[in-house]
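> Please work out how this folds:
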Amino acid sequence: MFTGIIETTGKIKKIDGYNRIIEVQNFLDDIKIGDSIAINGVCTTVISLDQDEFTIELMPETLCVTNFNEIGEGGEVNLEKSLKMNGRLDGHFVLGHVDGVGRVLEIREDGEFIEIVISAPENLRKYLAKKGTVAVNGVSLTISEDLGESFKISLITHTKEVTNFKNIKKGDAVNLEIDMLARYLEKLIS
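As a prediction, this is how the structure comes out:
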């Protein structure tokens with residue numbers, strides 16, 4: 001489980017079939033083989049480890065429902081270590097189970113702030129509500145506006161600078177994970 005508070009970014013150093021080698025500085029000190037790391041919001045397992053890089057293996061299903069197929073070698077990804085039960089919960093509960101891929105439709109800069117409009121797959125739209133939470137590329141965010149087929153998020157400067165949102169552009173694919181509570185609420189009601 002994760003919080004959606006990104007700790008750093010890394011780069012995809014090598015793609016080898018289903019494996020990805022991720023290069024990152026000053027992040028792996030307390031990581032061991034078998035640990036979970038969220039990469040762009042996708043819960044992955046470390047299968048090998050070196051001082052400044054680690055390897056993960058992706059399932060075919062993960063490649064189908066995430067933006068990993070669109071991120072090549074050298075691509076920047078958001079990284080977060082799994083939540084420790086004695087740690088703080090600063091974002092919201094993020095499982096790392098991506099529900100689908102959205103597309104960046106619009107980017108508006110408003111002084112120090114940035115607003116991004118993202119398309120939502122039809123099957124996820126019912127879970128998106130103004131002031132509700134969503135994880136976009138693993139980043140815990142509040143939906144500032146529900147636009148029907150899309151939604152708007154607003155980023156503070158810090159979030160833009162420490163995540164891969166600093167390089168985002170119109171047309172980019174982003175991983176979406178809806179709020180876990182919305183899923184369970186739907187199940188309970190039906």
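> contacts and neighbour counts: CA atoms only from here.
Fine.
> how close does residue 187 get to residue 133?
As defined by C-alpha to C-alpha, to the nearest Å, residue 187 lies at a distance of 18 Å from residue 133.
> the more surrounded of the two?
Neighbour tally, residue 187 and residue 133, criterion other C-alpha atoms under 10 Å: the higher count belongs to residue 133, 25 against 9.
> Now do the contacts for the more buried one.
By C-alpha atoms under 8 Å, 6 or more residues apart in numbering, the contact set of residue 133 is 92, 140, 141, 142, 143, 178, 179.
> Show the backbone phi and psi for it.
The phi/psi pair for residue 133 (degrees, to the nearest 10) reads phi -110, psi 150.
> and the longest strand anywhere in the chain, which residues are buried?
Criterion DSSP state E: the longest strand present in the chain is strand 100-110. Buried residues in strand 100-110, counting neighbours by 16 or more other C-alpha atoms under 10 Å, are found at 100, 101, 102, 103, 104, 105, 107.
> Now for residue 100: which residues touch it?
With C-alpha under 8 Å, 6+ apart, residue 100 has these contacts: 65, 66, 121, 124, 175, 176, 177.
> ah, wrong one, I meant residue 126
Contacts of residue 126 (C-alpha under 8 Å, 6+ apart): none.
> does it count as helix, strand or coil?
helix (DSSP: H, G, I helix; E, B strand; the rest coil).
> Would you mind listing the buried residues in the helix or strand just after the longest strand of the chain?
Heading C-terminal from strand 100-110, the first helix or strand you meet, by DSSP states H and E, is strand 113-119. By 16+ other C-alpha under 10 Å, the buried positions in strand 113-119 come out as 114, 115, 116, 117, 118, 119.
> try stretch 26-37
Using 16+ other C-alpha under 10 Å as the test for burial, stretch 26-37 gives 27, 36, 37.
> which helices and strands sit right next to the top helix by length along the chain?
The single longest helix within the chain, with elements called by DSSP state H, is helix 180-189. Helix 180-189 is packed against no helix or strand, with contacts defined by 3 or more C-alpha pairs under 8 Å, 6 or more residues apart in numbering; DSSP states H and E.
> go with 10 Å
Applying 3 or more C-alpha pairs under 10 Å, 6 or more residues apart in numbering; DSSP states H and E, one finds that helix 180-189 contacts strand 133-136.
> ok now the strand it packs on, how far from the chain's centre?
Relative to its parent chain, strand 133-136 has a centroid offset of 8 Å by C-alpha atoms, centre = their mean, to the nearest Å.
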